[in-house]
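> Need a 3D model of the following:
(one chain, ligands or ions: 1)
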Amino acid sequence: MARNIVLVGFMGTGKTTVGSALAERLGWCFVDTDAAIEDREGCSIAEIFERKGEGYFRETESAVIQEVLAAGQQVVSTGGGAVLLQENCEAMLSGGFVVALKTPPGVLIERMRHDSNRPLLSGDKEERVHRLLEERKNAYDFAQLTIDTSICDIHEATDQIMRAAGLGGQPPSGDYN
Ligand code: S3P
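Numbering: from 1, shown residues only. Coordinates of the predicted model:
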């Protein structure tokens with residue numbers, strides 16, 4: 001049985017939505033590492049990028065991931081770029097069951113069209129999303145389960161995760177047979 005469930009995936013794939021629903025079903029704590037970073041720094045992610053740069057953000061993100069994963073019974077949603085550092089991926093795999101959420105680019109762009117809180121998407125959002133997806137195309141492959149959130153609802157996604165992590169969930173329906 002998994003100690004924690006760790007969600008990874010590109011921005012806009014639904015980590016916070018799926019993660020909080022899953023935590024509620026399991027009766028576990030939900031931890032969003034971006035929110036933990038903001039609490040620790042006393043300002044928004046956008047302000048951290050602006051004032052201290054991406055390098056500082058990545059260092060803080062790694063420290064927060066290590067700290068959070070020292071505890072158990074948590075659903076942990078990580079920032080889309082947390083997987084870029086090998087040490088973070090290793091901490092995630094040893095701290096819990098890692099689930100990647102994925103979504104086709106067009107759906108991501110639509111979901112984040114009016115978003116102004118993600119510094120890496122400032123400017124031409126479409127171009128930024130395509131470029132980052134290309135740069136990160138294999139970055140989420142280390143996960144133990146991958147779910148496409150554009151083809152299942154939140155309940156189905158949480159069921160799949162619970163089953164795969166050995167935490168219960170409803171048996172798959174016969175619809176796909
Ligand atoms: C980032 C994703 C963001 C946040 C930061 C950098 C990234 O988190 O950590 O803006 O590098 O992909 P979400 O994936 O929760 O948007």
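
> residues touching residue 120, list them.
By Cβ atoms under 8 Å, 6 or more residues apart in numbering, the contact set of residue 120 is 11, 49, 81, 128, 132. Yep, even glycine has a C-beta here, placed from its N, CA and C like the rest.

> Would you mind checking which of those is nearest to the ligand?
When the contacts of residue 120 are compared for distance to the ligand (Cβ to the nearest ligand atom), residue 81 wins out at 2.5 Å.

> now the contacts of residue 120: which count as buried?
Buried members of the contacts of residue 120, counted by 16 or more other Cβ atoms under 10 Å: 11, 49, 81, 128, 132.

> Please flag which of these sit within helices.
Using DSSP state H, the subset of the buried ones among the contacts of residue 120 located in helices is 49, 128, 132.

> Model confidence for residue 169, exactly?
We have a pLDDT of 73 for residue 169.

> Please apply the same query to the one 3 residues further on.
Reading off the per-residue confidence, residue 172 sits at a pLDDT of 65.

> What parts of this protein come near the ligand?
11, 15, 34, 45, 79-81, 118-120 (Cβ under 6 Å from any ligand atom).

> Neighbour-wise, which one of these leads?
With neighbours taken as other Cβ atoms under 10 Å, the top of these is residue 15, carrying 27 neighbours.
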